[in-house]
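Enquirer: structure, please.
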Amino acid sequence: MRILYYDCFSGISGDMNLGALTDLGVDPDFLRSELKKLNLEGWKLETEKAQRHGISGTKVTVKLTRKEHSHRHLSEINKIIDSSQLDEKTKQLSKRIFRRIAEAEGKVHGIPAEKVHFHEVGAVDSIIDITGAAICLNALNIDEVHVSAIELGGGMVKCDHGLLPVPAPATAEILKGIPVRKDGVDFEATTPTGAAIIAETAGRFNESVPLKILKTGYGVGHKDHPAVPNLLRVFLCEPAGNQETGHEAVLLECNIDDMNPEFYEYITGRLFEAGASDVYLTSVMMKKGRPGTVLSVIAEKGLAGVLTGILFTESTTLGIRSFPFMKETLSREFHEYETPFGKVKFKHSFYRGKEVSVKPESEDCKRIAGETGRPLREIYNILLETVRSKKVKNE
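Expert: Coordinates of the predicted model:
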């Protein structure tokens, strides 16, 4: 199990996050090539090594190469993301982070999220920061995100609306219910972008969970504080001790017998977008001989609140059962191989260090089947045989 731990002792911003994740191992050239799929003009991504208080890390700067229209509604941003060539998982996470900000801004200004007129966050550099975060997190194949208490900073911050107290109102709204600290530094340490990335991806906050550190990365901030190093530290970890004991997860269930069956597909999609590991439906016979459905959701423990909210607001259920349990999983690695259809990502699964299965990613298989017009099972078998032959040659 791959765990990403955010140590936000000096807060988090979009550029610090990109710096930390590239410092952890995401290739900057890969990040640039993926970001180009947004088809946005007028920007370039610069990465450089820098230090804060003698600690070396990666500093990322999104530089605008021309003046651009920076005021966008959520629908405009979603259109940019949806029309890109990014993979579906990255698109969905990017849109969820933007919606998180839109809902917070809407609450602050007393308007619906769809009517929020993004200023700073609608600019190209913020779109790059947020979409880049989704690209990096998915590239690292993270199973779970843990976060320390988040430093907010202090003083005032200048934005499009004028001077505002730190944390900015939208940041405070986004981080509602998440452990934070304040006034550790005298500037805006955590931005709305940084807050939304954490709020949308993290499953555990400020918990003492035993972890084994595999790698450390540092994202260098653009300010240099004399007392506190302006750095975002991230750890790539795995559970400490005996990994065969698994990890905590939760099963949510509800019985439904009075809902339009056409709603299930939409609700299932919402649950997966919110981070559910699995969603499934079981037909049952309920009281008075009525046919019904049990809607079951498996997820990490920290997502129970978000998923419960979706079930109550989107379905007709009046009650939800919650069962904590231990989840056993195989360790996984993702590798890209050259195939007769171009580069394809494969998932390798291991039990006690020994590989037990390998298979091509289903989205790649479906894409190739659609492009070639050949049956999906034929594409799958060709790709699998390609990788097996490569492994035999390597052995």
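Enquirer: so how far is Ala274 from Thr268?
Expert: Using CB to CB, to the nearest Å, Thr268 is found at 11 Å from Ala274. Quick note: C-beta positions are derived from backbone N, CA and C, even for glycine.
Enquirer: for Ala189, same thing?
Expert: 27 Å.
Enquirer: between the two, tell me which one has more neighbours.
Expert: Ala189 (32 against 17; other CB atoms under 10 Å).
Enquirer: and the more buried one, what does it touch?
Expert: Ala189 makes contact with 10-12, 151-153, 166, 230, according to CB atoms under 8 Å, 6 or more residues apart in numbering.
Enquirer: check Leu64 too.
Expert: 42-43, 123-125 are the contacts of Leu64 under CB under 8 Å, 6+ apart.
Enquirer: can you rerun that using 10 Å?
Expert: Leu64 makes contact with 42-44, 70, 123-125, 128, according to CB atoms under 10 Å, 6 or more residues apart in numbering.
Enquirer: returning to what we had before: tell me the one of the contacts of Ala189 nearest Arg32?
Expert: Using CB to CB, the shortest approach to Arg32 within the contacts of Ala189 belongs to Ile12, at 21.8 Å.
Enquirer: intersection of neighbour lists for Thr268 and Ala274?
Expert: Common neighbours of Thr268 and Ala274 (criterion: CB under 10 Å, 6+ apart): Val297.
Enquirer: ok, His225 - how many residues close by?
Expert: Residues near His225, counting by other CB under 10 Å, number 18.
Enquirer: likewise the one 3 residues further on?
Expert: Val228 has 17 neighbouring residues, counting by other CB under 10 Å.
Enquirer: Val279 too?
Expert: By other CB under 10 Å, neighbour count at Val279 equals 19.
Enquirer: so Glu144 sits against Arg204, correct?
Expert: Yes - with contact defined as CB atoms under 10 Å, Glu144 and Arg204 form a contacting pair (7.1 Å).
Enquirer: quick check: neighbours shared by these two?
Expert: 3, 5, 300-302.
Enquirer: show me which pair in these is furthest apart.
Expert: Greatest spatial distance among the shared contacts of Glu144 and Arg204 (CB to CB): Tyr5 and Lys301, at 15.8 Å.
Enquirer: looking at those two, which one has more neighbours?
Expert: A side-by-side neighbour count of Tyr5 and Lys301, using other CB under 10 Å, places Tyr5 first with 20 against 16.
Enquirer: how about the strands in the stretch 251-395 of the chain?
Expert: 278-285, 291-300, 321-327, 331-339, 342-351, 354-360 (DSSP state E, counting those that start in this stretch).
Enquirer: out of these, nearest to Leu236?
Expert: Proximity to Leu236, assessed across those by CB to CB, is greatest for strand 331-339 (13.1 Å).
Enquirer: packing partners for the closest one?
Expert: strand 342-351, strand 354-360, helix 362-372, helix 376-394 (3 or more CB pairs under 10 Å, 6 or more residues apart in numbering; DSSP states H and E).
Enquirer: one more time with 8 Å
Expert: strand 342-351, helix 376-394 (3 or more CB pairs under 8 Å, 6 or more residues apart in numbering; DSSP states H and E).
Enquirer: that strand - what's its average pLDDT?
Expert: Mean pLDDT, strand 331-339: 82.
Enquirer: next, the buried residues of that strand.
Expert: For strand 331-339, burial by neighbour count (16 or more other CB atoms under 10 Å) applies to 331, 339.
Enquirer: Phe187 and His222: what is the separation?
Expert: For Phe187 relative to His222 (CB to CB), the value is 10 Å.
Enquirer: what does Tyr266 give?
Expert: For Tyr266 relative to His222 (CB to CB), the value is 41 Å.
Enquirer: which one in this protein is furthest away from the centre?
Expert: Within the chain, Lys288 marks the point farthest from the mean C-alpha position, 43.8 Å out by CA atoms, centre = their mean.
Enquirer: show the pLDDT at it.
Expert: At Lys288, pLDDT is 84.
Enquirer: quick one: residues contacting it.
Expert: By CB under 8 Å, 6+ apart, the contact set of Lys288 is empty.
Enquirer: at 10 Å what do you get?
Expert: By CB under 10 Å, 6+ apart, the contact set of Lys288 is Asp257.
Enquirer: break the chain down into its domains, please.
Expert: 3-239, 247-327, 331-394 (automatic domain parsing).
Enquirer: any idea which of these is most buried?
Expert: Mean neighbour count, computed with mean count of other CB atoms under 10 Å, is highest for domain 3-239 among the domains of the chain, reaching a mean of 19.
Enquirer: end-to-end on that one?
Expert: End-to-end span of domain 3-239 (CA to CA, to the nearest Å): 8 Å.
Enquirer: could I get the average pLDDT for it?
Expert: The average pLDDT within domain 3-239 is 91.
Enquirer: how about the nearest residue to Asp278, chain neighbours excluded?
Expert: Ile298 (4.4 Å; CB to CB, 6 or more residues apart in numbering).
Enquirer: right, and the one you found touches Lys327 too?
Expert: Yes - using CB under 10 Å, Ile298 is in contact with Lys327, at 7.7 Å.
Enquirer: what touches both of those two?
Expert: With CB under 10 Å, 6+ apart as the test, Ile298 and Lys327 both reach 249-251, 277.
Enquirer: tell me which of the residues you listed fall in helices.
Expert: Among the shared contacts of Ile298 and Lys327, no member falls in helices (DSSP state H).
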